[in-house]
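In: Quick one, fold the following:
(2 chains)
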Amino acid sequence: MKTVYLLALVLTLGTLAPAQDSPLSTSTMRQELESVARVGSVMVDGDICQKIVTPLAKEYMFKVDPRDEYLAGDNYDVDDVAFNTTKKTLTRLSHLTSFPSDVNLWMPIDGHPGKIQMVIRNKNEMSQFWRWGDLYQDMIPPMETVLKTGQRVTVMDRPGWISVLAPVYNSLGDIVGLIEAVSRAKMDAHENVK
Amino acid sequence: MRRNHWQTFFLFFLLFPGSCYAAATLEALPEFLRPDPFGGIVSADQGGAQLRSSLIDAHHRVALKGWRGGYVSFQLVVKSPAPAAYSLDVSLTDPGHKIQTDLFREWFHFTRSDKHYYPDALVPVRGPYSSHLPEPDNKIAQQTAQAFWVDVYIPPEAKPGVFSGKAQLRYGASRVAVPIQLTVLDRVIPPEDIVTIDHNSYGSSFLAEQYEKAYNSYSGNWFESDQFFHLIHAYHQIFYEHRGIMHQLGYGHSGKVGPEFAPVLGGSGRTRHIVDWTLFDRHYGPLFDGSAFASSRRGPRPIPFVYLPINPEWPASYEFWGEPGYEAEFVNVLSEMERHFREKGWTHTDFEVFFNHKKRYMGFPWDGDEVRFPKDINYFLEYGRLMRKALPQNSPVHFVMRADVSWDMEQEFKLLKGVVTVWCCGGGILSFYRDAPKTLRDRGDVVWYYGGPPTVKENAAAITEFPLRAWLWGVNGYVHWLTVSPGNDPWFDFDGGGTVLVYSGERFGLTEPIPSIRLKIQRNCLQDIAVLDSFKSQKPVESLRSEAAHRFNNSVLDDWWNPRPALADIPSDQWQGSAIDAAMEHTNKALSHPGVSAWYNVHQYVLQLAGGGK
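Out: Sure thing, here's the model as predicted:
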């Protein structure tokens, strides 16, 4: 029993151990990311976010044509003014941490409960949840919690990764999306360089 | 000592009991008939059975004929109905000691999808090569045949004439010899590429994955080691040696740049500048001055093209897009790059500002790769303006903007005239615009088209269609979009190789990549095209093209183009993939699938033109 306990303790400490590339402890990183997420909830404009993905992109997002495997992707389009405005805010939010981080935007998809899409990624190309190349994916429970309750949720499911999810509101007070403030203890300089 | 010999013999007998009675044979095959491990020919190549006799002359010799400055190739197959130890050697007698012979063991890849074996990866071996059947590491039960690829290199300074040699198989006390006669023709293959064949790749992480032992055994940061940079250069070398070039994209769809692809930046806004060139120079210096190719048979030569790390997030921060800070950061850093390259004398390479991102990957709001929505063209215009501002007009350093185009290419050819000068075009859509290659090349632009390598399941000549099409179309080259990705297990559970033309040599104790049969066949085809094209001073190029197309697949030049479809008159963001397919109906119907002997027939035509035909 003692062995099991010690093993569990070692594994837990291993996950929380100071980052190899970052002099900061995981708890400090978590604290900073939570702070970014809190500020981001206030700063990211949900009305603008709702204008990013165009009606054409939404129309095609779930269409499948056996003769045209790229149909949805080929019709994916965004409003570049809304995209750029929001991306600039997300980038500046990421500067609030004392270590490399990204702040990504995720949004649910009208008419498709249980699905969610990454809408904006950033320059470190980090996310604990994005499946590379997917236009949309299944909603994960912590995201659902954020969208339903407005609570911030911290996720550390993948070893070494910390994501803090926080709601994005529009002018009606509706939660229209969420941001993922994310970093990892050990940066991989070559991941996603493709 | 004598006792040891007896022990060895006894052990050998126990391990290979059949070796005492099995009659091993040695067969020579032309390059387009790929053997299987059971003594047959892979089904995709069986249609070319008549080629068997093409390699053998009336005196039962392997009869080779080649121009100087290039290679001739054939295959040898060791067959034994029972397990047997053997050794194989190939030799050619050249009093001038110029001609060189390279021997490769062919690896048989098992493809799960059709449960067949195909030879493709070529493991360099030294003759005499000793092994036994079944080949232990290939692990094929009941294997009765082992194939070898033979490259004979004839340097430009070799003396024309006839040379003799032989391939010799030894098994037990027996010997089987196949005589070889090589005729070296007077002509020298033009060293310059007539069509540029590019082998594209993404990032460097594939190297750590495919050279896992080297990566794991290195104590420091492997991505900064000499071993790592040596490996990158080795990839460039292998493609160059096979008359190709290589591109390695150094950034992701959201702008993350791999450290070895870009100098280190410091500062922000007006203070942004380059603070460290170390990794960049270690990576690219030997490629830009050509010294990476010092030991190549083709001689040292700077790489002709390279991707720069420039993307919407580098060197300027995208958070400043549209603001004075973006312009300041972009212009300052690009100016510094130009100055650095000029000071280093790197003036023989085209430095490509190339945007690979697609908005579907959520990094940026416009498509850099394959613009579909015409509004995105404005971003290219803005980058063109920034480049003009950053670069001196009379710089000897060649910065170019490259665009990979498909749907909207016709509009981009017009609207981005003078901005984009290197065009990489989707082949299907380019086939609608027959006048485009000439129009673009007349104004000094470079035009390539792109696609992917054929899998090993297609016939051996399939890969020759791409260079031929480029030459028939009058474009500058062709891009294989991915050529270094062999799948999870290329050795025993192969995906067919649609994204690989070179393999990691680590499995065989090598620290470098190894070639493939497809790469060799492509190289030999490129040699022929270089010779064929050299006859345009004597014959109209259209007649050369017509005859080559006829010999290849009984086609006429019109068969290689589609009429401009009505589709071309509607905005490209309204095009649908199925309509594009329909617009390519003409070529799909008119171009019969090239048979196994397609390129052999073209080669005979070139030999005939050069006065070396049968």
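In: and B:Ile26, bridged to which residues?
Out: Residue B:26: Leu, not Ile. Beta-bridge partners recorded for B:Leu26 (DSSP bridges): B:Val78.
In: right, and it touches B:Leu76 too?
Out: Yes: shown here, B:Leu26 and B:Leu76 form a contact pair, counting by CB atoms under 8 Å, at 6.2 Å. C-beta: built from backbone N, CA, C; applies to glycine.
In: Of the two, which one has the most company?
Out: Set side by side, B:Leu26 and B:Leu76 show more neighbours around B:Leu76, with 23 against 20, by other CB atoms under 10 Å in any protein chain shown.
In: before we move on, the earlier item: which neighbours do B:Leu26 and B:Leu76 share?
Out: When contacts are counted by CB atoms under 8 Å, 6 or more residues apart in numbering or on different chains, B:Leu26 and B:Leu76 have B:88, B:167, B:178 as shared neighbours.
In: Helix, strand, or coil at the first one?
Out: Secondary structure assignment for B:Leu88 (DSSP: H, G, I helix; E, B strand; the rest coil): strand.
In: Next up, the contacts around it.
Out: With CB under 8 Å, 6+ apart, B:Leu88 has these contacts: B:26, B:76, B:78, B:103, B:127-129, B:148, B:167-170.
In: Reformat those residues into TSV and put secondary structure and pLDDT next to each item.
Out: Supplementary listing: those in TSV, determined by DSSP: H, G, I helix; E, B strand; the rest coil; pLDDT from 0 to 100:
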residue	secondary structure	pLDDT
B:Leu26	strand	97
B:Leu76	strand	98
B:Val78	strand	98
B:Leu103	strand	98
B:Gly127	coil	90
B:Pro128	coil	96
B:Tyr129	strand	98
B:Phe148	strand	98
B:Ala167	strand	98
B:Gln168	strand	98
B:Leu169	strand	98
B:Arg170	strand	97
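In: Show the buried residues in the residues you listed.
Out: Among the contacts of B:Leu88, those buried by neighbour count (16 or more other CB atoms under 10 Å in any protein chain shown) are B:26, B:76, B:78, B:103, B:127, B:129, B:148, B:167-170.
In: picking up where we left off before, can you tell me which of the shared contacts of B:Leu26 and B:Leu76 is closest to B:Ser268?
Out: Distance to B:Ser268, by CB to CB, is smallest for B:Leu88 among the shared contacts of B:Leu26 and B:Leu76, at 63.6 Å.
In: and the gap between B:Asp151 and chain A?
Out: 33 Å (CB to the nearest CB, to the nearest Å).
In: what mean pLDDT would you report for the lengthiest helix in chain A?
Out: What stands out as the longest helix in chain A, according to DSSP state H, is helix A:26-43. Mean pLDDT, helix A:26-43: 97.
In: just checking, what packs against that helix?
Out: Here helix A:26-43 touches helix A:2-16, helix A:80-94, strand A:153-155, strand A:161-169, strand A:175-184, going by 3 or more CB pairs under 8 Å, 6 or more residues apart in numbering or on different chains; DSSP states H and E.
In: Who are the contact partners of B:Glu450?
Out: Heads up, residue B:450 is Tyr, not Glu. Contacts of B:Tyr450 (CB under 8 Å, 6+ apart): B:404, B:424-427, B:478-481.
In: Out of these, list just those in strands.
Out: In strands, defined here by DSSP state E, the members of the contacts of B:Tyr450 are B:404, B:424-426, B:478-480.
In: now stretch B:473-493, how far from the centre of its chain.
Out: Chain-centre distance of stretch B:473-493: 7 Å, with CA atoms, centre = their mean, to the nearest Å.
In: How about stretch B:159-172?
Out: The answer for stretch B:159-172 is 29 Å, by CA atoms, centre = their mean.
In: so how many other residues sit close to the closest residue to B:Tyr211 other than its chain neighbours?
Out: Nearest residue to B:Tyr211, sequence neighbours excluded (CB to CB, 6 or more residues apart in numbering or on different chains): B:Glu506, at 5.1 Å. By other CB under 10 Å, 18 other residues sit near B:Glu506.
In: Next: B:Ser53.
Out: 9.
In: Could you do A:Asp68 as well?
Out: When neighbours are counted by other CB under 10 Å, A:Asp68 registers 16.
In: That one contacts B:Gly577, doesn't it?
Out: Yes: counting by CB under 8 Å, A:Asp68 does reach B:Gly577; the two are 3.4 Å apart.
In: Common neighbours of the two, please.
Out: Both A:Asp68 and B:Gly577 are in contact with A:Asp74, where contact means CB under 8 Å, 6+ apart.
In: circling back to that earlier point, of the contacts of B:Tyr450, list those near chain A.
Out: Residues of those in contact with chain A (CB under 8 Å from any CB of the partner chain): none.
In: got JSON lines for the residues you listed, with pLDDT too?
Out: As requested, those are exported to JSON lines (pLDDT from 0 to 100):
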{"residue": "B:Asp404", "pLDDT": "98"}
{"residue": "B:Cys424", "pLDDT": "98"}
{"residue": "B:Cys425", "pLDDT": "98"}
{"residue": "B:Gly426", "pLDDT": "97"}
{"residue": "B:Gly427", "pLDDT": "96"}
{"residue": "B:Tyr478", "pLDDT": "98"}
{"residue": "B:Val479", "pLDDT": "98"}
{"residue": "B:His480", "pLDDT": "98"}
{"residue": "B:Trp481", "pLDDT": "97"}
